[in-house]
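Chemist: I'll drop the sequence and a predicted model, then ask my questions.
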Amino acid sequence: MQLLSAILKLILLVAIQLIIEQAPQLILGHPEVTINLSFIFIINCLLLLFTSQYKWFYILQFISLAIYAIVLVPQLFFFNMFNFYARMNYIFLSPSNFIIAFIYLLIAAAAISGIVWVQVKLIKSMRRQIYVVPVFALALIIAEFAAPTAEILSARAIPLTAKNTAATTAATTESTEQANDEPLIPWRKLYIDYIGNNNIEQIQKDYAKFSKGKTSITPYQCNTKEDETNTSLAPTIQYLQDTNAKKDFLLLMESWGELAEPKEQEKLINHIKTLFNQQGPNLTNNYTLEFGRTCFHGNTSSAEGRELLNMNDEESYRAFLERNVAPPHNITQFKNQNGYHTIAGFTASKQYGSNMSNAEGFRRALGFKSRFYYEELSKHYKDNKENTYKAVFDENLIDSILNESKRYEKVFAYALTINTHTPFRFDVTNNIDGKYYYKIKRDLFKSFKENQQAYDQFYRIASIINHTFKRVAEANQTGDGLDRILIIGDHANPDFRTRGLYNMKTVPFLIIRRRN
């Protein structure tokens, strides 16, 4: 009876461990979910073979869970833990904005302590049957080497293109691959792999990439198999690196991602088209609107390198910035050489950016002749409070860019937004148009699977895009209009609460061109 009680307690112990280790990927809705126990937890269990000092289990388990959190949080929010820690200086730039984050940190530490305390209590209560824990750990280690990964559930697979969707969605992955040559995304596969690697493989890859920074440039490249699209030129290089227009404007939109479900994404694109048409004939009679998509590889710095230098990752960004490694393209330099006045604007402080305060350094290295940031904009506009960044409203940045562009005959302007960066909290007081907000909510809310935060962020992005439409129409009316405007997302929303809604391989863009 005591043995049965010990086994039941062991099951509870393991269940607690599985929940804290696997919950994030379940919450994120990963298409492939692997259930396992971390090797650190297994080692802690094996230690009970050699010592009855539970305090060591408590200490090591707390440390291992803390390390797990330190690794996991950057992966969830910033794609790469090393790039995340390169930005720790943000805390010192605006410490008051991180008060809530510090409170969450204390709560998390208390929660981890509580979880480990419960685990230790369970082990202690096993008394003489304590051997059950290390024996179980030893059995898992043997299973890791002797038994194959167990596939518990294999549901349908989703083709990367719409072709043959009806036929493929009803079949399993294995049978579909035989019947159809379309690349497939496995959906809802559940595996048991006994012992996990605690993201060691991903950490190794991230570190290898991070350490490569400052040494070489990787040209931008999408491929059909991994990225669902195929191109060797970023949209900015493809559409704006020429002398066919006198005034070009690139707007890099923070966290504008593409919904994973194509039909739902089409609804959002149609909504933006409606906003364009609502500006009336002054815009629609003089400009065309087209939509497209491209792959993304990383964070905002990577996207800046992608669009301005046709580079593939943040490591290339660092090589350009810190070692002056020459990329294959530099649209700012190209425009300068061809008589354009180049302008760069950033809604937030010049002290933000990759590798300790290089927002200004990057734009200076690119060769922009005019540059302005929060430091200049805040003298004329009020602060935005929608995230932890010191910034004005993105609409104010766009107005400033367009006003500056009026002063020159030939212009290439670039603006990076920030208001929709995570952690995002919608500013109802300053941003909401009640009738518009709730009407769109009724039309599009199902697209976000009842996710209010995701809806609010899209609404905010759409309002910034609509503001740009309005200003382009007004500038055209006064004879100061732009010729081409490219608006593109930097990456999908990385917030773990909404990430499962987005295609994590591509981002959308739109291009507005003056009619001939």
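Modeler: On my side now, so go ahead.

Chemist: any low-confidence regions in the protein?
Modeler: 24-31, 72-73, 75-80, 83, 85-90, 153-188, 197-199, 213, 353-357 (pLDDT under 70).

Chemist: Can you list the residue ranges for strands in it?
Modeler: 32-38, 150-154, 157-159, 184-186, 189-196, 247-253, 258-259, 287-295, 341-346, 370-372, 411-416, 484-489, 502-503, 506-514 (DSSP state E).

Chemist: With respect to burial, which of those strands scores highest?
Modeler: Of all the strands of the chain, strand 411-416 has the most neighbours on average by mean count of other C-beta atoms under 10 Å, namely a mean of 26. In this view, the C-beta of every residue, glycine as well, is placed from N, C-alpha and C.

Chemist: what helices or strands is that strand leaning on?
Modeler: strand 247-253, helix 300-309, helix 331-337, strand 341-346, helix 394-405 (3 or more C-beta pairs under 8 Å, 6 or more residues apart in numbering; DSSP states H and E).

Chemist: one more time with 6 Å, if that's ok
Modeler: strand 247-253, strand 341-346, helix 394-405 (3 or more C-beta pairs under 6 Å, 6 or more residues apart in numbering; DSSP states H and E).

Chemist: Tell me which residues are up against it.
Modeler: 247-252, 335, 340-346, 397, 401, 405 (C-beta atoms under 6 Å, 6 or more residues apart in numbering).

Chemist: one step back: want to try JSON lines for the helices and strands packed on strand 411-416, with distance to Leu377 as columns?
Modeler: As requested, those are exported to JSON lines (distance: least, C-beta to C-beta, whole Å):
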{"stretch": "strand 247-253", "distance to Leu377": "16"}
{"stretch": "strand 341-346", "distance to Leu377": "8"}
{"stretch": "helix 394-405", "distance to Leu377": "6"}
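
Chemist: What sits closest to Gly345 if chain neighbours are left out?
Modeler: Leaving aside its sequence neighbours, Gly345 sits nearest to Ala415 (C-beta to C-beta, 6 or more residues apart in numbering; 4.6 Å).

Chemist: err, Ile432, not the other one
Modeler: Per C-beta to C-beta, 6+ apart, closest to Ile432 is Phe426, 7.8 Å.

Chemist: That neighbour: neighbour count?
Modeler: 19 (other C-beta atoms under 10 Å).

Chemist: cool, Ala139 as well?
Modeler: Neighbours around Ala139, by other C-beta under 10 Å: 11.

Chemist: Any figure for the gap between the nearest residue to Arg127 once chain neighbours are set aside and Lys9?
Modeler: The shortest distance from Arg127 to any non-neighbouring residue, by C-beta to C-beta, 6+ apart, is to Gln2 (7.4 Å). Shown here: Gln2 relative to Lys9, a distance of 10 Å by C-beta to C-beta, to the nearest Å.

Chemist: likewise Arg471?
Modeler: Taken as C-beta to C-beta, the span from Arg471 to Lys9 is 65 Å.

Chemist: Distance across stretch 406-424, terminal residue to terminal residue?
Modeler: With C-alpha to C-alpha, to the nearest Å as the measure, the ends of stretch 406-424 fall 33 Å from one another.

Chemist: can you give me how far that stretch is from the chain middle?
Modeler: 19 Å (C-alpha atoms, centre = their mean, to the nearest Å).

Chemist: do stretch 285-296 as well
Modeler: 22 Å.

Chemist: got the contact list for it?
Modeler: 222, 227, 229, 235, 269, 276, 476, 491, 505-515.

Chemist: still on that earlier bit, would JSON lines of the strands of the chain with distance to Gln452 be doable?
Modeler: Below are the strands of the chain laid out as JSON lines (distance: least, C-beta to C-beta, whole Å):
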{"stretch": "strand 32-38", "distance to Gln452": "25"}
{"stretch": "strand 150-154", "distance to Gln452": "30"}
{"stretch": "strand 157-159", "distance to Gln452": "26"}
{"stretch": "strand 184-186", "distance to Gln452": "27"}
{"stretch": "strand 189-196", "distance to Gln452": "29"}
{"stretch": "strand 247-253", "distance to Gln452": "21"}
{"stretch": "strand 258-259", "distance to Gln452": "16"}
{"stretch": "strand 287-295", "distance to Gln452": "26"}
{"stretch": "strand 341-346", "distance to Gln452": "29"}
{"stretch": "strand 370-372", "distance to Gln452": "34"}
{"stretch": "strand 411-416", "distance to Gln452": "26"}
{"stretch": "strand 484-489", "distance to Gln452": "21"}
{"stretch": "strand 502-503", "distance to Gln452": "16"}
{"stretch": "strand 506-514", "distance to Gln452": "22"}
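
Chemist: Nearest to Ser463, out of those?
Modeler: When the strands of the chain are compared by C-beta to C-beta, strand 247-253 sits nearest Ser463, at 11.5 Å.

Chemist: Now do the same contact list for the nearest residue to Ser255 once chain neighbours are set aside.
Modeler: For Ser255, ignoring the flanking residues on the chain, the nearest one in space by C-beta to C-beta, 6+ apart is Asn493 at 4.5 Å. Counting by C-beta under 6 Å, 6+ apart, Asn493 touches 255, 257, 502.

Chemist: Could you rerun that using 7 Å?
Modeler: Going by C-beta atoms under 7 Å, 6 or more residues apart in numbering, Asn493 touches 255, 257, 422, 457, 499, 502.

Chemist: distance of the third one from Ser447?
Modeler: Read it as Thr422. 19 Å.

Chemist: Over to Lys435?
Modeler: 20 Å.

Chemist: Indicate which one of the helices and strands packed on strand 411-416 is closest to Arg484.
Modeler: The nearest among those, by C-beta to C-beta, is strand 247-253 at 4.9 Å.

Chemist: how big is the angle separating that closest one from helix 394-405?
Modeler: If you take axes from the mean of the first three to the mean of the last three C-alpha atoms, to 10 degrees, strand 247-253 sits at 160 degrees to helix 394-405.

Chemist: need the helices for the stretch 1-150 of the chain, in chain order.
Modeler: Counting by DSSP state H, counting those that start in this stretch, the stretch 1-150 of the chain has helices at residues 2-28, 39-47, 54-78, 81-85, 90-93, 99-124, 132-146.

Chemist: can you give me how far the shortest one is from the chain middle?
Modeler: Yep, that's helix 90-93 we're talking about. Using C-alpha atoms, centre = their mean, the offset of helix 90-93 from its chain centre is 21 Å.
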